[in-house]
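Peer 1: okay, structure incoming, though there's no sequence with it:
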């Protein structure tokens, strides 16, 4: 019965501790076709799930993100063909985007995965640049100058 409860997701915390360690923790990496792949963070993964659930394109997901929409709340904005006064979700996002930005689509469209990959590359480049600066410690990187300013006569 424990296996069934774990599959359904209704485990008590005390039961979870009896599982092996690898079953208790979720790693930030997983293997896809034998290649180690880093998982997306929770915020970006929510947008990927919303894109699949509501059949949105990359451009429409980017428009919704720029509008500040919540991916968890897109379901109530979506028309389930029971409310004839509502627009379908993709067209609704386009109308809102045009009202706010006076453009029909973003100038540069990037998928969530590409955006995450670009952020990761920038982060690695910043770390590498920080490692290459010789003789600087964390306290030296602040905006406080290391030498006092020259005194000026009144």
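Peer 2: All right, it came through fine. As the structure is a prediction and not an experimental result, all values here were calculated from the model. Residues are numbered from 1 along each chain as shown.

Peer 1: by contact count, what packs against the helix or strand hosting residue 46?
Peer 2: Using DSSP states H and E, residue 46 sits in helix 42-54. Counting contacts by 3 or more C-beta pairs under 8 Å, 6 or more residues apart in numbering; DSSP states H and E, helix 42-54 packs against helix 58-67, helix 74-77, helix 112-132. Where C-beta positions appear, they are placed from N, C-alpha and C, glycine not excepted.

Peer 1: domain parsing for the chain?
Peer 2: 1-39, 41-116 (automatic domain parsing).

Peer 1: and those domains, which one is worst for confidence?
Peer 2: Lowest mean pLDDT of those: domain 1-39, a mean of 57.

Peer 1: got phi/psi on residue 41?
Peer 2: phi -70, psi 170 (degrees, to the nearest 10).

Peer 1: wait, isn't residue 62 in contact with residue 106?
Peer 2: Yes: contact status for residue 62 versus residue 106: in contact at 5.3 Å, counting by C-beta atoms under 8 Å.

Peer 1: which one of those two has more residues nearby?
Peer 2: Higher neighbour count among residue 62 and residue 106: residue 62, with 22 against 16, using other C-beta atoms under 10 Å.

Peer 1: now do the contacts for the more buried one.
Peer 2: 106, 109, 110 (C-beta atoms under 8 Å, 6 or more residues apart in numbering).

Peer 1: and the gap between it and residue 85?
Peer 2: 27 Å (C-beta to C-beta, to the nearest Å).

Peer 1: before we move on, what about residue 38?
Peer 2: 43 Å.

Peer 1: quick one on the thing from earlier: for the contacts of residue 62, which one is nearest residue 55?
Peer 2: Of all the contacts of residue 62, the one with the least separation from residue 55 (C-beta to C-beta) is residue 109, at 16.6 Å.
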